[in-house]
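Colleague: got a predicted structure here, sequence first:
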Amino acid sequence: MVMTLDDTKRMAIAMKLADMKALLELLISNEQTLISAVSDTEIADRFRSMLEDDRKNIGVLDTVMVQYGVKSQPKDTITEMISKLEKLMAGSELSTYEKAFQHELLKHQVVMSGLVVHKAAQKNWCRCRSGPSSPQHHQL
């Protein structure tokens with residue numbers, strides 16, 4: 001089967017969604033670990049709030065993936081990165097502060113990925129709906 005450009009874009013978006021889900025699962029695992037690792041109740045409460053939000057986000061992401069209709073697996077590089085981060089988070093090489101800092105960087109990466117995927121999906125959807133000769137298509 002020959003893939004069209006739209007098929008290629010749809011597969012790329014599906015892979016990014018799979019990447020995001022894998023990263024969200026890591027975030028949830030990290031938050032559960034960090035909650036028990038910190039002694040400050042205010043910080044623990046912030047991690048609990050993040051955990052609650054990320055559990056909701058993964059539910060929304062699952063819904064989006066089903067509605068999108070194209071399944072994919074995370075990129076190998078994402079899977080390798082997650083494996084390395086899991087080892088770092090479980091190990092003693094990093095202090096709790098450093099683990100929290102790495103966790104925060106990862107959260108920002110997921111947010112930025114989500115924004116990029118959202119924009120790409122919007123453009124892909126608009127182009128599919130308007131066609132290449134439509135004025136709407138050229139405004140994107």
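Modeller: Happy to help now that I have it.
Colleague: what's the nearest residue to the residue nearest the centre of the chain if we skip its chain neighbours?
Modeller: Nearest residue to the geometric centre of the chain (CA atoms, centre = their mean): Met20, 2.1 Å. Excluding its sequence neighbours, the residue lying closest to Met20 (CB to CB, 6 or more residues apart in numbering) is Ser113, at 5.4 Å. (Glycine included, C-beta is placed from N, CA and C.)
Colleague: you'd agree the one you found is up against Lys16?
Modeller: Yes: between Ser113 and Lys16 there is a contact under CB atoms under 8 Å: 6.3 Å.
Colleague: neighbour count winner among these two?
Modeller: Between Ser113 and Lys16, Lys16 has the larger neighbour count (other CB atoms under 10 Å), namely 20 against 16.
Colleague: let me see the mean pLDDT of the strand or helix carrying that one.
Modeller: Using DSSP states H and E, Lys16 maps to helix 5-37. In this model, helix 5-37 carries a mean pLDDT of 91.
Colleague: for it, buried residues please.
Modeller: 9-10, 13-24, 26-31, 33-35, 37 (16 or more other CB atoms under 10 Å).
Colleague: packing partners for that helix?
Modeller: Secondary-structure packing of helix 5-37 (3 or more CB pairs under 8 Å, 6 or more residues apart in numbering; DSSP states H and E): helix 41-68, helix 76-90, helix 96-130.
Colleague: if we can go back for a sec, which residues does the residue nearest to the centre of the chain contact?
Modeller: Leu61, Val110, Ser113, Gly114, Val117 (CB atoms under 8 Å, 6 or more residues apart in numbering).
Colleague: list the contacts of the residue lying closest to the last one once chain neighbours are set aside.
Modeller: The shortest distance from Val117 to any non-neighbouring residue, by CB to CB, 6+ apart, is to Lys16 (4.7 Å). Each residue near Lys16 by CB under 8 Å, 6+ apart is listed here: Ser113, Val116, Val117, Ala120.
Colleague: dump those residues to a markdown table, plus distance to Asp53 and pLDDT.
Modeller: Putting these into a markdown table (distance: CB to CB, whole Å; pLDDT from 0 to 100) gives the following:
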| residue | distance to Asp53 | pLDDT |
| --- | --- | --- |
| Ser113 | 16 | 89 |
| Val116 | 20 | 88 |
| Val117 | 18 | 85 |
| Ala120 | 23 | 79 |
